[in-house]
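Visitor: What follows is a predicted structure for the sequence shown.
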Amino acid sequence: MRTVPFAGMISASEHPREGERLAILRRCGILDTAPEPDFDGLVALAAYVAGTPVALISLVDQSRQWFKARHGLDVDETPRAFAFCAHAILGQDPFMVEDALTDVRFSNNPLVQNGPHVRFYLGLPLRIGPAQLPLGTMCVIDRRPRSLDKGGIEALRLLARQAELLIEQRLRQREVEDRLLAVAAEEERIRALVLSMDEGLVVHRGDGRIVSCNPAAERILGISADQLIGLTSLDPRWRAVRVDGTPFPGEEHPSMQALATRAPVRGVVMGIGTSGMDQRWILINAQPTAGDERGEPKGVVVSFSDITALRREEAERLRAERQVDRFFTLSLEMLCIASADGRFLRINPAWTRVLGWSDAELLGHPYIEFVHPDDRERTRFEASRISQGGAATISENRYRCRDGGWRVLRWMWRR
C-alpha cells in the first residue's frame, strides 16, 4: 500500500508477495536478535569498500525496518514508511539514489531532512529461500551527494551474497530445529502410547536378543524389563507350547521367523510360562524393521496380547457345549431346536425311537408337516406366542409316525 506521510515523500508499495516474504522473515528467527560478529564484519567492510560513513544490513518488517548489523548509525530501526530499503526490495538491480534532496520520492523524507541526513543511498536486495524473496538489503549511506562505480557495486554485491548465506544458514538452522522438535514431539507421543498400551511390545535386534519392552510386556510375561533384556526366543525358560500342547521350538517363534523371512508374521497363538508363573496364552504379531545395506532386518518389533482369559472362557464354553450335547443325545425325552420359520434344525435320537423317522427325514423340514391337521392351528398359535417373547407353556398335539399312525406328545415350549 502506498502512503504519503509527508509532502514531497512517497512511501514504497508492498512487495507483490508480501505475505510470503514476511513469513520467510519470521521463519529465519533473526529479527530482534543480538549483534553477531559475522554480520557486523560485513557492514564494516561494506562501509570501507564504498567509502561511506554508514553501512547497514536492514530487514524490512511489516511496519519497520530493523538493522541486524549497523556501522556508523546509533538506532536499531526506523519506520518502514521512511525506509529507502522498502523501495530497494521491489527491484532486481541495485537501488541507488545519488542525491535524495533532488529526488521527489525522498526530498522531504525525515531521514533526509533530519538525522542521519541521507543524501546518497545504495541498497542491494538480500534474497532468501527457494523463491528468492527479498527480506531486506545490504546498504551504504552517505551524507553528501555522490555515486558509486561498477567495481564498487560488484564488491558490495559479493558482501551482500555473504549476508544472504548467513541468513540462509539461519533459516536452515531454524528448519532443522523445527524438524527436531517435531520428531521429539512425535517420539514423546509414541512413547506415551507405548507406555499406555494394554498389548505387550518387545523389540528384538537383528540377532534376536530383546533390547527394550513396555510395561504391559512385563505384566503379561511376569518378568521385569531387566530380566527380559538380553533374552531371545530360543531361551528354554519360556517353556513355550502350541495350542495342541506340543513344544513350540524357539526358532519357529514369530520374532525369529520374521527375521529369517523378512516378512511380517501375524496371529500366532502360543502358551508360555516362566519361573513362578502359571502358563499364559498370548496372541503374537511380529514386524521386521527396515533393512541394512544388505537388506537384512535391523530388528523386529513383536506385539502380543494376553488371551489367557479368553482361552479359559473358550474352554468353559466348549465343556458346556459338550455337556449339553451329551444331555441332548442321552435324554429319553424328545428334544428339538427349530428355526424361526419352523424348520427342524436339530433333533435328538428319541425322535427316531418314538416316531420312527430318521434324522435325514426330519432335519430341514417344517415340523408343522408332521402335526395332525386338527392340531396345526393351536400349534402355530403356541409357536407365534413363544417367538414374540411369551412365557414358557405346556401343550399337547398329535405327531404322525413313519408307519402312518399318530402319537400324542406333550410339549414344553420355550424360546
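Guide: Yep, that arrived. Worth saying up front: this structure is predicted, and the values here are computed from it rather than measured.
Visitor: which residues make contact with stretch 148-168 from outside it?
Guide: Applying CB atoms under 8 Å, 6 or more residues apart in numbering, the external contacts of stretch 148-168 come out as 28, 30, 38-39, 42, 45-46, 49-51, 57, 94, 96, 122, 124-129, 135, 137-138, 140. From N, CA and C alone the C-beta is placed, and that goes for glycine too.
Visitor: what about burial for those residues, which qualify?
Guide: Buried members of the contacts of stretch 148-168, scored by 16 or more other CB atoms under 10 Å, are 28, 30, 39, 42, 45-46, 49-50, 57, 94, 96, 122, 124-129, 135, 137-138, 140.
Visitor: so of the residues you listed, which ones are in helices?
Guide: 28, 39, 42, 45, 46, 49, 50 (DSSP state H).
Visitor: The fifth one reaches residue 138, doesn't it?
Guide: Yes - if you go by CB atoms under 8 Å, residue 46 and residue 138 touch, sitting 6.2 Å apart.
Visitor: Quick check: neighbours shared by those two?
Guide: 55, 156, 159.
Visitor: mind checking the SS state of the residue sitting nearest the centre point of the chain?
Guide: With distances taken as CA atoms, centre = their mean, residue 186 lies nearest the centre of the chain, 7.9 Å away. Of the three states, residue 186 takes helix according to DSSP: H, G, I helix; E, B strand; the rest coil.
Visitor: and the ones in helices among the buried ones among the contacts of stretch 148-168 as CSV, adding distance to residue 403?
Guide: Putting these into CSV (distance: CB to CB, whole Å) gives the following:
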residue, distance to residue 403
28, 102
39, 113
42, 116
45, 122
46, 121
49, 125
50, 126
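Visitor: ok, of those, which one's closest to residue 232?
Guide: Nearest to residue 232 among these: residue 28, at 50.8 Å, using CB to CB.
Visitor: What's the per-residue pLDDT of residue 277 here?
Guide: Listed pLDDT for residue 277 reads 64.
Visitor: where do the helices sit along the protein?
Guide: With DSSP H as the definition, the chain shows helices at residue ranges 18-28, 37-50, 84-88, 110-113, 150-196, 215-221, 225-228, 254-261, 308-330, 350-355, 359-362, 376-387.
Visitor: May I see the shared contacts of residue 46 and residue 138 arranged in a markdown table, with distance to residue 71 and pLDDT as well?
Guide: Shown next, in a markdown table, are those (distance: CB to CB, whole Å; pLDDT from 0 to 100):
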| residue | distance to residue 71 | pLDDT |
| --- | --- | --- |
| 55 | 5 | 97 |
| 156 | 13 | 96 |
| 159 | 12 | 96 |
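Visitor: Where neighbours are concerned, which of those has the most?
Guide: residue 55 (26 neighbours; other CB atoms under 10 Å).
Visitor: highest average neighbour count across the helices of the chain?
Guide: helix 84-88 (a mean of 25; mean count of other CB atoms under 10 Å).
Visitor: helices or strands next to that one in the packing?
Guide: When contacts are defined as 3 or more CB pairs under 8 Å, 6 or more residues apart in numbering; DSSP states H and E, helix 84-88 sits against strand 54-60, strand 95-97, strand 120-128, strand 133-142.
Visitor: Tabulate those (JSON lines), appending distance to residue 217.
Guide: Converted to JSON lines, these look like this (distance: least, CB to CB, whole Å):
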{"stretch": "strand 54-60", "distance to residue 217": "53"}
{"stretch": "strand 95-97", "distance to residue 217": "67"}
{"stretch": "strand 120-128", "distance to residue 217": "49"}
{"stretch": "strand 133-142", "distance to residue 217": "52"}
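Visitor: If we ignore the residues flanking it in sequence, what's nearest residue 310?
Guide: residue 281 (7.8 Å; CB to CB, 6 or more residues apart in numbering).
Visitor: oh, I was asking about residue 346
Guide: Here the nearest residue to residue 346 in space, its sequence neighbours aside, is residue 337; by CB to CB, 6+ apart that works out to 4.3 Å.
Visitor: you'd agree the one you found is up against residue 348?
Guide: No - Residue 337 is not in contact with residue 348 according to CB under 8 Å; the separation is 9.7 Å.
Visitor: Residue ranges in this protein under the pLDDT threshold?
Guide: Residues of the chain that meet the criterion pLDDT under 70 lie in 1-8, 274-277, 291-295, 415.
Visitor: Give me the domain ranges for it.
Guide: As given by automatic domain parsing, the domain ranges for the chain are 18-176, 200-308, 331-413.
Visitor: could I get the ones you listed as TSV with distance to residue 325?
Guide: TSV is the format used below for these (distance: least, CB to CB, whole Å):
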stretch	distance to residue 325
domain 18-176	69
domain 200-308	22
domain 331-413	10
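Visitor: related to what we said a few turns ago, any chance of a markdown table for the helices of the chain, columns distance to residue 288?
Guide: Below are the helices of the chain laid out as a markdown table (distance: least, CB to CB, whole Å):
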| stretch | distance to residue 288 |
| --- | --- |
| helix 18-28 | 38 |
| helix 37-50 | 47 |
| helix 84-88 | 57 |
| helix 110-113 | 67 |
| helix 150-196 | 18 |
| helix 215-221 | 18 |
| helix 225-228 | 20 |
| helix 254-261 | 5 |
| helix 308-330 | 27 |
| helix 350-355 | 57 |
| helix 359-362 | 52 |
| helix 376-387 | 54 |
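Visitor: who wins for proximity to residue 234 among those?
Guide: Closest to residue 234 of these, according to CB to CB: helix 254-261, at 7.6 Å.
Visitor: Not counting its own residues, what contacts that closest one?
Guide: The set of residues that contact helix 254-261 without belonging to it, under CB under 8 Å, 6+ apart, is 202, 204, 206, 208, 233-234, 250, 264-265, 268, 284-288, 297, 299-300, 302.
Visitor: do that again at 10 Å, thanks
Guide: In this structure, residues lying in contact with helix 254-261 by CB atoms under 10 Å, 6 or more residues apart in numbering are 202-208, 210, 232-234, 249-253, 263-268, 270, 284-289, 296-304.
Visitor: What of stretch 95-103?
Guide: With CB under 10 Å, 6+ apart as the contact definition, stretch 95-103 has outside contacts at 8-10, 84-85, 87-89, 105-109, 111-113, 117-125, 137, 139-142, 144-148, 153.
Visitor: Check stretch 401-408 too.
Guide: 334, 352, 354-358, 361-362, 370-372, 375, 396-400.
Visitor: Now the buried members of those.
Guide: With neighbours counted using 16+ other CB under 10 Å, those contain these buried positions: 334, 352, 355, 357, 362, 370, 371, 375, 397, 398, 399, 400.
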